[in-house]
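Student: just to be clear, the model below is a prediction. Sequence and coordinates:
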Amino acid sequence: MVFYFKARPEAGDYIIFMGLDKYENEELIKYGFPEDIWFHVDKMSSAHVYVRLQKGQTIDDISEGLLEDCAHLVKANSIQGNKVNNVDVVYTPWSNLKKTPSMDAGQVGFHNSKMVRTVRVEKRINEIVNRLNKTKVERKPDLKAEREDTNAAERAARKQQLREKKRQEELQRLEKEKQAEIRSYKGLVVSEKMTSNKQIASTSKSLQDLEEDFM
């Protein structure tokens, strides 16, 4: 089971989501998207919360309002973190999550600690948590299929881009050949290289001269 929440409207059309337990967390870790940003309460047990950014966006594009929604949601879903103030929430791109065979279900590390950021949540703000909970939707998605479908669509898009690139290159090649042919033809017909009828007549013997030579 995965829970989905809508971020505040003024932040944009963003979906925040988290797994029901550590097993769903494993699926989310395994089949995440490059646009996913992962959130967790630092040094405490908590839910794994994600927000999926728009294509082309990075962690630097997270607005203050969206960050606040994600941080409060992950704090509210930490048994220990929900009871105390001044909780640190860490967040990083999904691609930075590191999973090794020796780790327990739901446990992760980081490939690069410099890519991990921290935001402080001073205290729970019920207005934020309640607003998010009102948008909560439960689904049982096939995360593997979703990831495979997206991969297939991306491969098809790349192939189409490659075909279009080759088509443009072929059109450019044909145009260059056409222009080269035109320049070559012009070189053949320039006036300096042509002989007029008058010039031919001046250098040719008359019919009478030819007859006399023959005789």
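Tutor: Everything's here; your move. Nothing here was measured: the structure is a model prediction, and the numbers come from that model.
Student: mind giving me the packing neighbours of the strand or helix carrying Val51?
Tutor: Using DSSP states H and E, Val51 sits within strand 49-52. The contact analysis (3 or more C-beta pairs under 8 Å, 6 or more residues apart in numbering; DSSP states H and E) places strand 49-52 against strand 15-19, strand 36-41, helix 64-76. All C-beta spots, glycine's among them, are computed from the backbone N, C-alpha and C.
Student: rerun that using 10 Å as the cut-off
Tutor: Contacts defined by 3 or more C-beta pairs under 10 Å, 6 or more residues apart in numbering; DSSP states H and E place strand 49-52 against strand 2-6, strand 15-19, helix 22-30, strand 36-41, helix 64-76, strand 87-93.
Student: wait, what's in contact with Ser63?
Tutor: If you count contacts by C-beta atoms under 10 Å, 6 or more residues apart in numbering, Ser63 has them with 7-8, 10-12, 14, 69.
Student: distance of it from Asn85?
Tutor: 24 Å (C-beta to C-beta, to the nearest Å).
Student: show me the shaky parts of this protein.
Tutor: Applying pLDDT under 70 to the chain flags the ranges 151, 153-154, 157, 187-215.
Student: in it, which spans are helices?
Tutor: For the chain, applying DSSP state H gives helices covering 22-30, 64-76, 126-134, 143-188, 197-203, 207-214.
Student: out of the ones you listed, which comes closest to Gln107?
Tutor: Closest approach to Gln107 among those is made by helix 22-30 (8.1 Å; C-beta to C-beta).
Student: check which residues of the closest one are buried.
Tutor: 24-29 (16 or more other C-beta atoms under 10 Å).
Student: coming back round to it: just put the helices and strands packed on strand 49-52 in CSV and tack on distance to Arg167.
Tutor: Listed next are these as CSV, based on distance: least, C-beta to C-beta, whole Å:
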stretch, distance to Arg167
strand 2-6, 41
strand 15-19, 37
helix 22-30, 38
strand 36-41, 34
helix 64-76, 40
strand 87-93, 35
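Student: thinking again about what came up before, the strand holding Val51 pairs with which strands, parallel or anti?
Tutor: Strand 49-52 pairs in its sheet with strand 15-19 (antiparallel), strand 36-41 (antiparallel), by DSSP bridges.
Student: contacts only, for the spatially closest residue to Tyr91 that is not a sequence neighbour.
Tutor: Leaving aside its sequence neighbours, Tyr91 sits nearest to Phe39 (C-beta to C-beta, 6 or more residues apart in numbering; 4.5 Å). By C-beta under 10 Å, 6+ apart, the contact list for Phe39 reads 16, 18, 46-51, 67, 70-71, 73-75, 77, 89-92, 117, 119.
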